[in-house]
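>>> take a look and give me a structure for this.
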Amino acid sequence: MTHSIVVPLFNKADYIGQTIASLAAQDVSPYELIVVDDASTDDSLARLRASLTEHARALASTRIEILELEQNCGPGHARNVGLAAATGDLISFLDADDGYRPDALRRIGDGMRSHALDIAAIGFESDPQGEYFPQRECLDGELIDLDEDLWLLATPLHTVSGPDFFLGRASNVVVRRRWLATERYDTDARLNEGVDFWYRVLKHIIADGNAIANRTARVGVFATPLIRFRLLPGSLSHQPCRDWRTLAPPPSVMRFLDSSNGNDRRLVRTLAARWLEHAMVVLGDDAQRAAFVRHHGTLLARIGIAAPQSWCESP
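Next up, the predicted model:
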């Protein structure tokens with residue numbers, strides 16, 4: 001079973017070498033590595049090529065392609081470009097400042113093949129420490145043991161739409177390429193585009209997969225944290241925000257706002273709550289927080305989330 005890794009790259013000169021080193025250190029080399037440079041303005045490309053040269057022997061069996069975009073269009077577009085070029089049986093994305101454990105691709109390949117998984121979430125931990133997924137105690141009753149560190153989701157859409165599950169955080173998803181024929185990233189979104197993409201992919205697998213393959217879709221979770229990702233102060237999800245108007249609702253919130261499906265509505269509530277919490281953190285000015293809450297108060301109330309009253313009343 002061949003595995004393609006797609007790396008979107010934009011101004012990560014300080015980290016891309018370590019990301020490539022993590023792929024070179026794998027027990028099982030990736031079949032294909034596609035790096036999509038999203039018009040970087042630093043020396044990311046030079047560092048990338050230097051790292052590929054340094055690890056040429058370890059990656060000798062890997063098909064490597066570097067795609068250079070002429071215009072910066074955001075991470076969603078870069079991932080779509082890489083996805084279109086990928087040819088492996090399995091596809092996963094890896095951010096250009098993150099890395100895999102040395103046993104990651106072997107464990108992923110063995111698990112996907114042995115248990116006929118269609119798609120799986122991959123465990124991750126953050127650097128510096130602070131985020132860890134999955135936490136089994138938060139998913140009690142929703143998991144079926146397959147192996148010591150591999151679980152099957154009993155009710156996939158219900159589980160992934162809840163507040164304790166992350167499908168798309170830190171690019172922690174691997175999927176069989178045949179399920180990616182139609183879905184693509186929302187290129188207008190700058191935050192939460194991964195969650196939106198993978199939830200749509202999962203819905204497609206469950207709906208169309210059952211009809212095509214005449215079987216229940218199999219969705220796994222690799223419990224071991226095989227991905228280590230960096231929490232960078234300057235990243236899109238962590239940098240301070242001075243204008244509340246730039247914090248648009250997550251794409252899935254607007255996409256499924258009027259859905260009659262219970263899982264879709266659960267996802268909307270989960271993401272809206274995260275969005276509100278995120279806004280209250282990154283908006284460092286009280287007036288900006290108040291403006292955000294006043295403007296989005298009707299939407300939040302429609303979803304069933306009570307906005308902080310103190311901000312609603314602020315001048």
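>>> show me where the stretch 101-250 of the chain has its helices.
Secondary structure of the stretch 101-250 of the chain (DSSP state H, counting those that start in this stretch): helices at 104-114, 156-160, 193-213.
>>> off-centre distance for the last one?
Distance of helix 193-213 from its chain centroid, counting by Cα atoms, centre = their mean, to the nearest Å, is 15 Å.
>>> which residues sit against it?
Where contact means Cβ atoms under 8 Å, 6 or more residues apart in numbering, the residues beyond helix 193-213 that reach it are 75-76, 79, 118-119, 156-157, 160-161, 166-169, 171, 173, 175, 179-180, 182-186, 189, 215-217, 219, 250-252, 255, 267, 271. The C-beta positions use only the backbone N, C-alpha and C, and glycine is treated the same way.
>>> please list only the buried members of these.
By neighbour count, with 16 or more other Cβ atoms under 10 Å, the contacts of helix 193-213 hold 75-76, 79, 118-119, 156-157, 160-161, 166-169, 171, 173, 175, 179-180, 183, 185-186, 189, 217, 219, 250-252, 255, 267, 271 as buried.
>>> sorry, back to before: including mean pLDDT and distance to T41, could the helices of the stretch 101-250 of the chain go into CSV?
As requested, those are arranged in CSV below (pLDDT from 0 to 100; distance: least, Cβ to Cβ, whole Å):
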stretch, mean pLDDT, distance to T41
helix 104-114, 98, 30
helix 156-160, 97, 36
helix 193-213, 85, 22
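>>> mind checking which of the buried ones among the contacts of helix 193-213 are in strands?
Using DSSP state E, the subset of those located in strands is 119, 173, 175, 219.
>>> quick check, nearest of those residues to N263?
Minimum distance to N263 across these is 12.9 Å, recorded for V219 (Cβ to Cβ).
>>> what about the stretch 151-300 of the chain, any weak spots by pLDDT?
209-214, 233-238 (pLDDT under 70).
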